[in-house]
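1. Provided below are the primary sequence and the corresponding predicted coordinates.
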Number of protein chains: 2
Amino acid sequence: MAVYTDVSDEEVAEFATLYGLGEVLSLKGIAEGVENSNYLMVAEAGQFILTLYEKRVNEADLPFFLGLMEHLAAKGVACPVPVKAPDGQSLHTLAGRPAAIITFLSGMWPKRIRPPHCAEVGAALAEMHIAGQDFPMARPNDLSVAGWRPLLDACLDRADEVKPDLADALSRELDWIEANWPADLPAGVIHADLFPDNVFFQRDRLTGLIDFYFACTDAFAYDVAICLNAWCFEPDRAFNVTKAKLLLSSYRARRPFSMTELNALPLLARGSALRFLLTRLYDWLNTPAGALVKPKDPLEYWAKLRFHQGVSSPAAYGLEA
Amino acid sequence: MAVYTDVSDEEVAEFATLYGLGEVLSLKGIAEGVENSNYLMVAEAGQFILTLYEKRVNEADLPFFLGLMEHLAAKGVACPVPVKAPDGQSLHTLAGRPAAIITFLSGMWPKRIRPPHCAEVGAALAEMHIAGQDFPMARPNDLSVAGWRPLLDACLDRADEVKPDLADALSRELDWIEANWPADLPAGVIHADLFPDNVFFQRDRLTGLIDFYFACTDAFAYDVAICLNAWCFEPDRAFNVTKAKLLLSSYRARRPFSMTELNALPLLARGSALRFLLTRLYDWLNTPAGALVKPKDPLEYWAKLRFHQGVSSPAAYGLEA
């Protein structure tokens, strides 16, 4: 839950006027999202999300994120669209931070994942991958394999506070992943953070994807592996093969997987589990007491990593080649 | 900022159906409010606030709070109204907590107080006091003078961590306040927490009062004294007599002050400053590291208390008798 930057009513009124949205009728900080400050803004022109980009987001990346949403929406992907001011720009400054106004998307993210959600997510992810193929901008994934070593190094000293021998186990895992990480998979724009709180539904139908602030250029199958980890484990950390099968088959019905992608899936799933384990571990060890955002449990991803370590073929995910 | 209880989409859908509000189109946790979990809910029937009452609120008080909002709204006070389910009840259970759906109020609370806000607040407070006079329920103010001694006792050991000799100074102040607290002032339903974040405005016009969860039966002039502290000090802690004069004269134009009330004002303002100082001090000393809600600085109210200690007559608030 997060509102890091407080804005005055006068500043918001001026900002909304700049975008031609009329008078601001209401503004409420939203207790969701970790990276930025988000407000639900009701103006004469309708409901919008006002986002102030905080320091954790690189300003130079904002045109990529905002341009991507615009590109995807124009291609029919259900996602919020940045509102453009009359100067043609969607990005301006509010309370000293870069800020944008994004259209409001109906729907709720599912707190309890059921199989129909997984089928919908698989389809939407494939459609996003296809729609993004002619997006002209690129952004390297700084949280892919090359970024994990520095993260791990920053955690090694204290990792065993979280679990005995965790430092050693993670070092061995990263050595193996680095040695085996595939370089030649089909790639394009991926979401890279398609967790349940970034997918809205109404009556089991997906209404849209949000939060493209980790989007980057990387292997499509790696995005699928992130979703396997985010959507197909139960709260007791057991893998649900029914959900995985639905997610994967629904993805493949829209964007076929090559054999190379399919065979890489267990490795990509290990990499994705390690990626979230490492960022959570880093946050766990470095969140100051009293911080507004409670760090997430890194060991949830240790359990997922252990599961994928035991997977020898994609058949474990409910798939036939 | 606060969402303490997470609710699933299925539970919310069922809850909204119970109230006859149609399908829930969106639900977002609001990063404001300290005591309860608040969600902005968009349903087919419109926008509402969904509130789950957390453990800090006494369930037995909820009929008073909800009944009061209904009563005040019926008398023309701009405030949210609890929605009634077909069974005639506004209070039901959601995710194991008592919960209610309240109408949505347009407007924004002012982050930077300007004099016109103070005039509006004075008027609205007087109108609320008058409208509440025939409200049939009563609720003692457990955070009035009788409640301050136990709070102080719970803080004495560690108060000097916040400021040297604070424990002694507060003990002397409370001794004096207890000995002089007036018992015979005109009383009725007061808001008791009318801080800027509980008052909405649009273009300097007040659009409504919210958050009646400290409302109780107490002296009207004590409510005025709370507002003096909440609205008439600058961020640098200087008292702004122009704002006080506007607040008080605008109140008195609607509900005349007796001489007794007027003369009691400096004492009531000291009491009100002590009340917020003590609750903030208690929270400051007892908030666990990593808590979602950052405790507020108790010393802001020490400065206000010091100011009122130097006031010998209500003329200091810009008033003539």
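-> Structure's in. What do you need?

2. Residue A:13 is in contact with residue A:24, isn't it?
-> Yes. Counting by Cβ atoms under 8 Å, residue A:13 does reach residue A:24; the two are 5.3 Å apart. Quick note: C-beta positions are derived from backbone N, CA and C, even for glycine.

3. need the contact list for residue A:233.
-> A:239-240, A:303-304, A:307 (Cβ atoms under 8 Å, 6 or more residues apart in numbering or on different chains).

4. was I right about residue A:130 contacting residue A:255?
-> Yes. Between residue A:130 and residue A:255 there is a contact under Cβ under 8 Å: 5.8 Å.

5. and those two? which has more neighbours close in?
-> residue A:255 (19 against 15; other Cβ atoms under 10 Å in any protein chain shown).

6. Pull the contacting residues for the more buried one.
-> A:126, A:129-130, A:220.

7. mind listing what's buried in the longest helix along chain A?
-> Longest helix in chain A, counting residues (DSSP state H): helix A:259-286. Neighbour counts over helix A:259-286 (16 or more other Cβ atoms under 10 Å in any protein chain shown) mark A:261-262, A:264-285 as buried.

8. do it and chain B meet at all?
-> No. On the criterion Cβ under 8 Å from any Cβ of the partner chain, helix A:259-286 is out of touch with chain B, staying 11.3 Å away.

9. who does that helix touch, helix- and strand-wise?
-> helix A:145-159, helix A:166-180, strand A:216-219, helix A:220-231, helix A:299-309 (3 or more Cβ pairs under 8 Å, 6 or more residues apart in numbering or on different chains; DSSP states H and E).

10. which one of those lies closest to residue B:44?
-> helix A:220-231 (28.3 Å; Cβ to Cβ).

11. tell me the angle the closest one makes with helix A:299-309.
-> When axes from the mean of the first three to the mean of the last three Cα atoms, to 10 degrees is applied, the directions of helix A:220-231 and helix A:299-309 differ by 120 degrees.

12. Check what contacts helix A:220-231 and list those residues.
-> A:113, A:117-118, A:121-122, A:125, A:129, A:144, A:185-188, A:190-196, A:243-244, A:247-248, A:251, A:255, A:257, A:261-262, A:264-265, A:268-269, A:271-273, A:275-276, A:301, A:304, A:317.

13. Dump the helix or strand where residue A:253 lies to PDB, restricted to CA.
-> In the assignment (DSSP states H and E), residue A:253 maps to helix A:241-254. Below are the C-alpha coordinates for helix A:241-254, written out as PDB (Å, rounded to 0.1, in the frame of the first residue of the first chain):
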ATOM      1  CA  VAL A 241      -1.000 -28.700 -12.400                       C
ATOM      2  CA  THR A 242      -4.600 -28.100 -13.600                       C
ATOM      3  CA  LYS A 243      -4.100 -24.300 -13.400                       C
ATOM      4  CA  ALA A 244      -0.700 -24.600 -15.200                       C
ATOM      5  CA  LYS A 245      -2.200 -26.700 -17.900                       C
ATOM      6  CA  LEU A 246      -5.000 -24.200 -18.500                       C
ATOM      7  CA  LEU A 247      -2.600 -21.200 -18.500                       C
ATOM      8  CA  LEU A 248      -0.200 -22.800 -20.900                       C
ATOM      9  CA  SER A 249      -2.700 -24.400 -23.300                       C
ATOM     10  CA  SER A 250      -4.600 -21.200 -23.500                       C
ATOM     11  CA  TYR A 251      -1.400 -19.300 -24.200                       C
ATOM     12  CA  ARG A 252      -0.300 -21.800 -26.800                       C
ATOM     13  CA  ALA A 253      -3.700 -21.600 -28.600                       C
ATOM     14  CA  ARG A 254      -2.900 -18.000 -29.400                       C
END
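
14. Does anything pack onto that helix? Which helices or strands?
-> Helix A:241-254 packs on helix A:115-131, helix A:220-231, going by 3+ Cβ pairs under 8 Å, 6+ apart.

15. returning to what we had before: list only buried entries from the contacts of helix A:220-231.
-> The buried subset of the contacts of helix A:220-231 - by 16+ other Cβ under 10 Å - is A:113, A:117-118, A:121-122, A:125, A:129, A:144, A:185, A:187-188, A:190-194, A:196, A:243-244, A:247-248, A:251, A:255, A:257, A:261-262, A:264-265, A:268-269, A:271-273, A:275-276, A:301, A:304, A:317.

16. Next, give phi and psi for the residue nearest the centre of chain A.
-> Of all residues in chain A, the one closest to the mean position by Cα atoms, centre = their mean is residue A:193, 1.6 Å from it. In terms of degrees, to the nearest 10, the main-chain angles of residue A:193 are phi -150, psi 40.

17. Can you tell me, leaving aside adjacent residues, what's nearest to it?
-> residue A:214 (4.0 Å; Cβ to Cβ, 6 or more residues apart in numbering or on different chains).

18. which SSE is that neighbour in?
-> Counting by DSSP H and E, residue A:214 is found in no helix or strand.
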